[in-house]
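**Student:** Generate coordinates for the sequence data below:
(one chain, ligands or ions: 1)
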Amino acid sequence: RGKRAFIAGVADDNGYGWAIAKALAAAGAEILVGTWVPALNIFETSLRRGKFDESRKLPDGSLMEIVKVYPLDAVYDSPDDVPEDVKANKRYAGSSKWTVKEVAESVKQDFGSIDILVHSLANGPEVTKPLLETSRSGYLAAISASSYSFVSLLQHFLPIMNSGGASISLTYIASERTIPGYGGGMSSAKAALESDTRVLAFEAGHKGKVRVNTISAGPLGSRAAKAIGFIEKMIEYSYVNAPLQKELLADEVGNVAAFLVSPLASAITGSTVYVDNGLNTMGLAV
Ligand code: NAI
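**Tutor:** As a prediction, the model looks like this:
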């Protein structure tokens, strides 16, 4: 039987999550996605109306099938954690069972198990503020949405992951080198995500024979990246300074993710793998 993947953090056809979904679908996996509740309506409508059909095309000419879209807000683990104002919010009230625990239960009910868990989401409300000007709540919100969200997803999905399964997340070099402009505690959140990748690889390896890796990706003009404000500059900087002077395609990250969750990478776990045209290896800008 083909493998089944749950990909958290797909809300359009521009980001890394979508590209990973495509690479996995091309390799024969069944695709389930988790879409942020406030973005759910427009994503489902666009899917239904064929707006993504061109980018659903796989190398063999067929269209990627998303078997089910689950509403998800990865900053809440169970209904008890949801504040009243969020519960009352129209967009949230219109869907149900979107906390991490409930989504894992729904997937279990619908499909029984999964083989692959992908975390392709991040959020930092104060990302445009330097760390020196970041509030406690902004910092904690960045960690909650961008780091703990992975801990929580793995906690809740591990029990339904088949032995030999694998998970993957997306990180950024701001965790280890200073990237002015990547603020609000987002650099801290990525450092936590990479450290957690090592610890969770140990724990999930022992507990469920599941591998845990993260991809440190180069800059991509996704919706989330545009919110940071200087993504075009980063792309240009990479183009000029990286060993490989070419555009970084989301599909290149998708392909490495597909490799890392496949049996070809059966001895790789706890790793941060760079997919950035080699930019991380440079010590001096050209
Ligand atoms: P994206 O906009 O395609 O993906 C981010 C997704 O996170 C969106 O679909 C958004 O709806 C979702 N999201 C935000 N808060 C959420 C929550 N509380 N619960 C559930 N979903 C939530 O953008 P992108 O850039 O593809 O981001 C994917 C991952 O790649 C992120 O972890 C990001 O930090 C990482 N990354 C991106 C780089 C870039 O240059 N675009 C570079 C390196 C890493």
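
**Student:** Relative to E252, how far out is V286?
**Tutor:** Distance, V286 to E252, by C-beta to C-beta, to the nearest Å: 22 Å. For the C-beta atoms, the positions are set from N, CA and C on the backbone; glycine is no exception.

**Student:** Just want the residue of the stretch 1-150 of the chain that's nearest the ligand.
**Tutor:** Distances between the stretch 1-150 of the chain and the ligand by C-beta to the nearest ligand atom are smallest at G15, namely 1.8 Å.

**Student:** follow-up on the earlier one: for V286 and E252, work out which one has more neighbours and name it.
**Tutor:** Each of V286 and E252 has its neighbours counted (other C-beta atoms under 10 Å); E252 has more, 19 against 8.

**Student:** did I read that right, the more buried one in a strand?
**Tutor:** No. Counting by DSSP: H, G, I helix; E, B strand; the rest coil, E252 is not part of a strand but helix.

**Student:** list the contacts for the residue nearest to it when sequence neighbours are not counted?
**Tutor:** Distance criterion C-beta to C-beta, 6 or more residues apart in numbering; nearest residue to E252, sequence neighbours excluded, is V275 at 6.1 Å. Neighbouring residues of V275 by C-beta atoms under 8 Å, 6 or more residues apart in numbering: 215-218, 248, 252-253, 256.

**Student:** list the contacts for the residue nearest to W36 when sequence neighbours are not counted?
**Tutor:** Spatially, and ignoring its direct neighbours in sequence, W36 is nearest to A11 (5.6 Å; C-beta to C-beta, 6+ apart). Applying C-beta under 8 Å, 6+ apart to A11 gives the contacts 17, 35-36, 39-40, 42-43, 223.

**Student:** One more pass at 7 Å, please.
**Tutor:** For A11, the contacting residues are 35-36, 39, 43, by C-beta atoms under 7 Å, 6 or more residues apart in numbering.

**Student:** same deal with P83?
**Tutor:** P83 touches nothing, counting by C-beta under 7 Å, 6+ apart.

**Student:** Quick check: phi and psi on it?
**Tutor:** Main-chain dihedrals, P83, degrees, to the nearest 10: phi -70, psi 160.

**Student:** This protein against the ligand: which residues are in contact?
**Tutor:** 9-11, 14-17, 36, 39, 72-75, 120-123, 145, 170-172, 217, 219-220, 222-225 (C-beta under 6 Å from any ligand atom).

**Student:** Produce a PyMOL select command limited to the buried residues of those.
**Tutor:** Here is the PyMOL command that selects the buried residues among the residues of the chain next to the ligand (16 or more other C-beta atoms under 10 Å):
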select buried, resi 9+10+11+14+15+16+17+36+39+72+73+74+75+120+121+122+123+145+170+171+172+217+219+220+222+224+225
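
**Student:** What about the residues of the chain next to the ligand, which are in strands?
**Tutor:** 36, 72, 170-171, 217 (DSSP state E).

**Student:** Give the residue spans of the stretch 151-286 of the chain that score low on pLDDT.
**Tutor:** Along the stretch 151-286 of the chain, the model assigns pLDDT under 70 to no residue.

**Student:** ranges for the helices of it?
**Tutor:** 186-208, 223-228, 231-241, 250-260 (DSSP state H, counting those that start in this stretch).

**Student:** hey, which of the ones you listed is tucked in deepest?
**Tutor:** Ranked by mean neighbour count, those are led by helix 250-260 with a mean of 22 (mean count of other C-beta atoms under 10 Å).

**Student:** Taking the centroid of this structure, which residue is nearest it?
**Tutor:** The centre of the chain sits closest to S120, judged by C-alpha atoms, centre = their mean, with a distance of 0.6 Å.

**Student:** show me what contacts it?
**Tutor:** 7-10, 15-17, 20, 170.

**Student:** Buried residues in stretch 108-123, which are they?
**Tutor:** 114-123.

**Student:** Taking these together, which two end up most distant?
**Tutor:** Across the buried residues of stretch 108-123, no pair lies farther apart than D115 and N123, at 26.8 Å, counting by C-beta to C-beta.

**Student:** sorry, back to before: need the buried residues of stretch 108-123 in JSON lines (columns: pLDDT).
**Tutor:** Shown next, in JSON lines, are those (pLDDT from 0 to 100):
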{"residue": "I114", "pLDDT": "98"}
{"residue": "D115", "pLDDT": "98"}
{"residue": "I116", "pLDDT": "98"}
{"residue": "L117", "pLDDT": "98"}
{"residue": "V118", "pLDDT": "99"}
{"residue": "H119", "pLDDT": "99"}
{"residue": "S120", "pLDDT": "98"}
{"residue": "L121", "pLDDT": "98"}
{"residue": "A122", "pLDDT": "98"}
{"residue": "N123", "pLDDT": "98"}
